[in-house]
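**Q** Next input, structure requested:
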Amino acid sequence: MAMIHRVIVPDEGCPKEYVVLVTDRRSVFIRLERTRRSFVLRGETRFGTALVTDVIPKSLEDYEQVSLESLTADTTNFVVPHEAVVSLSMDREEPRFRARDLFVWLTMRRQGESFQVYNFEMNYQLGPDRETSVKFYAVPLGAYFKPRRQTRSRGTILREYAMDAFEIFQRVIPASIMSS
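**A** Residues are numbered from 1 along each chain as shown. Modelled structure (predicted):
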């Protein structure tokens, strides 16, 4: 069992934050309690980093006390069986700036870095004729990002976080359906 501490799934109303528990047979997307407004979460998916740094991520040990059956029974969570996965791709997006993003754009110029956002798209089958997909963004929490920022660039930290998530999936999903 492995864990991806935080991904954000876009939604029309408000993006949703999840922890992903990856087992040998399935990935369980566990809904996190909402701690931020939708405006902040949308910014985090566009810029690839947590804008609020005071949230401490749960560890794998925190979830060992809870059974997988109770997590899968919770309607706020969803499960993707690995045998149903048709494709998994990782891509990166450059943010498209709007007028209200002037401060972020100026920060990027001052730091000499671009904010690369890594996203995943997982296509899977719900039944014989029904295929669906989930798109999620690999956005680390501030507790992950902040200590690494002392020695690494923003781009390196975001790439490492996304590659760690990709490698977790590589261990359990056939390589022939994965692409980066």
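**Q** How about Met90: which residues does it bridge to?
**A** Under the criterion DSSP bridges, Met90 forms beta bridges with Phe120.
**Q** Can you report how many residues lie near it?
**A** Close neighbours of Met90, defined as other C-beta atoms under 10 Å, add up to 17. Yep, even glycine has a C-beta here, placed from its N, CA and C like the rest.
**Q** With Ala162 instead?
**A** Residues lying near Ala162 (other C-beta under 10 Å) number 25.
**Q** Name the SS class of it, please.
**A** Following DSSP: H, G, I helix; E, B strand; the rest coil, Ala162 is assigned to helix.
**Q** That one is in contact with Met90, isn't it?
**A** Yes. At 6.3 Å, Ala162 and Met90 qualify as touching, with contact defined as C-beta atoms under 8 Å.
**Q** list residues touching both of the two?
**A** Counting by C-beta atoms under 8 Å, 6 or more residues apart in numbering, the shared contacts of Ala162 and Met90 are Tyr118.
**Q** what sits up against stretch 165-180?
**A** Against stretch 165-180 from outside (C-beta under 8 Å, 6+ apart): 2, 4, 7, 20, 22-25, 27, 82, 85-91, 120, 138.
**Q** Do a quick rundown of the helices in the chain.
**A** Under the criterion DSSP state H, the chain contains helices at 38-47, 60-64, 68-73, 102-111, 142-148, 154-170.
**Q** list the helices and strands the second one packs on?
**A** Going back to what we said before, that points to helix 60-64. Helix 60-64 sits against strand 2-9, with contacts defined as 3 or more C-beta pairs under 8 Å, 6 or more residues apart in numbering; DSSP states H and E.
**Q** Packing partners of the strand it packs on?
**A** Under the contact definition 3+ C-beta pairs under 8 Å, 6+ apart, strand 2-9 sits against strand 16-22, helix 38-47, helix 60-64, strand 131-138, helix 154-170.
**Q** Pick out the shakiest of the ones you listed, pLDDT-wise.
**A** Sorting those by mean pLDDT places helix 38-47 lowest, at a mean of 65.
**Q** check contacts around Met122.
**A** Contacts for Met122 were tallied using C-beta under 8 Å, 6+ apart; they are Ser27, Val80, Val85, Ser87, Leu88, Ser133, Val134, Lys135, Phe136.
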